[in-house]
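Asker: Got a sequence here, can you build the structure:
(one chain, ligands or ions: 1)
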Amino acid sequence: MSTPQLVVHRDKELMAQAAAARLITKVVDAQTSRGYASVVLTGGRNGNGVLAALAAAPARDAIDWSRLDLWWGDERYLPEGDPERNVTQARQALLDAVPLDPRRVHAMPASDGPFGTDVEAAAEMYAAELARAAGPENHGSVPTFDVLMLGVGPDTHVASLFPELPAVRETERTVVGVHGAPKPPPTRITLTLPAIRSAREVWLLAAGEDKAQAAAIALSGAGEVQAPAAGAYGRSRTLWLLDAAAASQLPRSLYPPASP
Ligand SMILES: O=C(O)[C@H](O)[C@@H](O)[C@H](O)[C@H](O)COP(=O)(O)O
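Answerer: Here you go, the predicted structure:
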């Protein structure tokens, strides 16, 4: 378990730009040392803000897009192409603008696909896809993601792991279906905490006043069932990327501001 590191930027725009720059460097380093990189995307405004900043970044194409594996931390269980799907929003923000290898873009199943309303079967398919991509070092469950990004909800949820719901309590499976999510739509697919924790680095994105209480709760030693963001950590690094508004309820001793 890696102790959370915090970086606080002046505002959400700068946080997104700085996170995008950080992601470029991380991906280029992984591709240089291992030949490819593996990144897990998140939905939400902060997550899509990072993707949009990456699309606009001058150094964007230092990344070899053909050797980048993209996965999702969660997905809203809606029909293919629905504007509310995380993959739809990621395509609009970045993916349609860069030459990815479509075989390496691993979107989660849609509700009008082969599984229909059986979101558990859809989740099992994604778990099997992850297992096929896993290396021996992962005990055959999920690949070693270089970076797994997570937006943080005002209730401290990450991915579609909501406080007190069954999915956050899952300790064996890597992907599960979610019913009755408090953030619409109610039916979702999500990685579980064991899957999230297999990542080398977990980056939690929290910008905006509405995230200040969630950041303070998650970073104050709260339990992962009550505050799922508190259970999201990487094997070698856990990084909270905040703006000043989201950090406003944190003790200043927790972080030196990165941006004046
Ligand atoms: O499917 C989703 O909605 C996201 O994966 C979710 O986990 C999101 O990241 C948080 O709710 C934060 O969303 P905002 O950045 O929009 O506040």
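
Asker: Ala227 contacts Ala218, doesn't it?
Answerer: Yes. Counting by C-beta atoms under 8 Å, Ala227 touches Ala218, with 4.8 Å between them. Quick note: C-beta positions are derived from backbone N, CA and C, even for glycine.

Asker: So for these two, which residues contact both of them?
Answerer: Thr156 (C-beta atoms under 8 Å, 6 or more residues apart in numbering).

Asker: My assumption is that Pro182 lies in a strand; please confirm.
Answerer: No. Read with DSSP: H, G, I helix; E, B strand; the rest coil, Pro182 is coil and lies in no strand.

Asker: so who does it touch?
Answerer: Counting by C-beta under 8 Å, 6+ apart, Pro182 touches Asp155, Phe162.

Asker: now the helix or strand harbouring Ala122, how far from the chain's geometric center?
Answerer: Assessed by DSSP states H and E, Ala122 sits inside helix 119-133. How far helix 119-133 lies from its chain's middle: 17 Å, per C-alpha atoms, centre = their mean, to the nearest Å.

Asker: Convert it to PDB, retaining C-alpha atoms only.
Answerer: C-alpha atoms of helix 119-133 as PDB (Å, rounded to 0.1, in the frame of the first residue of the first chain):
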ATOM      1  CA  VAL A 119     -24.900  -6.600 -16.400                       C
ATOM      2  CA  GLU A 120     -23.200  -9.400 -14.300                       C
ATOM      3  CA  ALA A 121     -22.500 -11.400 -17.400                       C
ATOM      4  CA  ALA A 122     -21.100  -8.200 -19.100                       C
ATOM      5  CA  ALA A 123     -18.900  -7.700 -16.000                       C
ATOM      6  CA  GLU A 124     -17.600 -11.300 -16.200                       C
ATOM      7  CA  MET A 125     -16.700 -10.800 -19.900                       C
ATOM      8  CA  TYR A 126     -14.600  -7.700 -19.000                       C
ATOM      9  CA  ALA A 127     -12.900  -9.600 -16.200                       C
ATOM     10  CA  ALA A 128     -12.100 -12.400 -18.700                       C
ATOM     11  CA  GLU A 129     -10.600  -9.800 -21.100                       C
ATOM     12  CA  LEU A 130      -8.500  -8.400 -18.300                       C
ATOM     13  CA  ALA A 131      -7.300 -11.800 -17.300                       C
ATOM     14  CA  ARG A 132      -6.300 -12.600 -20.900                       C
ATOM     15  CA  ALA A 133      -4.200  -9.500 -20.900                       C
END
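
Asker: does the ligand sit close to the helix or strand immediately after it in the chain?
Answerer: For helix 119-133, the succeeding helix or strand toward the C-terminus, using DSSP H and E, is strand 147-151. Yes. Contact of strand 147-151 with the ligand (C-beta under 6 Å from any ligand atom) involves Gly151.

Asker: next one: stretch 9-27
Answerer: No. Counting by C-beta under 6 Å from any ligand atom, the ligand is not contacted by stretch 9-27; separation bottoms out at 9.4 Å.

Asker: All set now, cheers.
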